[in-house]
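K.L.:
Could you look at this predicted model? Sequence included:
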Amino acid sequence: MHLVIFHPEASKEFSEAVLWYEIQKRGLGTRFAMAVDILITKIQNNPQLFGYSKKPFREASVPLFPYNIVFKINSKKKIIYISAVFNTNRNPKKKHRKI
């Protein structure tokens, strides 16, 4: 299994999205967080399963929510760097951050 490291902005995006969904409807933020956690576990177990959005970045869609997890892999170190927890309604140029 790979170690997961969040870019500070990705961590902030995730926290803000959880809070926003929780404000919209009680429990929805928790459902979003669980969906992201399940997806990150899938990424950890088999990161090559997910396609490239722009090399070296790959993307995985969060089920039922308009978010993608944008990440890159360091196979030698067995590390996954999460670049963004990206709302698909935003400008796509902002999802590929340098790590």
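P.N.:
Good, I have the coordinates.
K.L.:
Okay, strands next: where are they in the protein?
P.N.:
Per DSSP state E, the chain carries strands over the ranges 3-6, 52-54, 57-61, 67-74, 79-87.
K.L.:
any chance of these in a markdown table, plus mean pLDDT?
P.N.:
Shown next, in a markdown table, are the strands of the chain (pLDDT from 0 to 100):
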| stretch | mean pLDDT |
| --- | --- |
| strand 3-6 | 96 |
| strand 52-54 | 88 |
| strand 57-61 | 95 |
| strand 67-74 | 95 |
| strand 79-87 | 94 |
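K.L.:
Next, format those as TSV and append distance to Tyr21 and mean neighbour count.
P.N.:
Every residue, glycine included, has its C-beta placed from N, CA and C. Output for the strands of the chain, formatted as TSV (distance: least, CB to CB, whole Å; neighbours: other CB atoms under 10 Å):
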stretch	distance to Tyr21	mean neighbour count
strand 3-6	18	15
strand 52-54	23	13
strand 57-61	16	18
strand 67-74	10	21
strand 79-87	11	22
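K.L.:
of all those, which lies closest to Glu16?
P.N.:
Shortest distance between Glu16 and the strands of the chain, using CB to CB, is found for strand 79-87: 8.9 Å.
K.L.:
And for the closest one, what's in contact with it?
P.N.:
Around strand 79-87, the neighbours that count as contacts under CB atoms under 8 Å, 6 or more residues apart in numbering are 2-7, 9-10, 13-14, 17, 36, 40, 43-44, 47, 57, 59, 66-74, 92, 94-97, 99.
K.L.:
now do stretch 46-61
P.N.:
2, 39, 42-43, 67-73, 80, 83, 86, 95-96.
K.L.:
Can you tell me which of those residues is nearest Leu28?
P.N.:
Nearest to Leu28 among the contacts of stretch 46-61 is Tyr67, at 12.9 Å by CB to CB.
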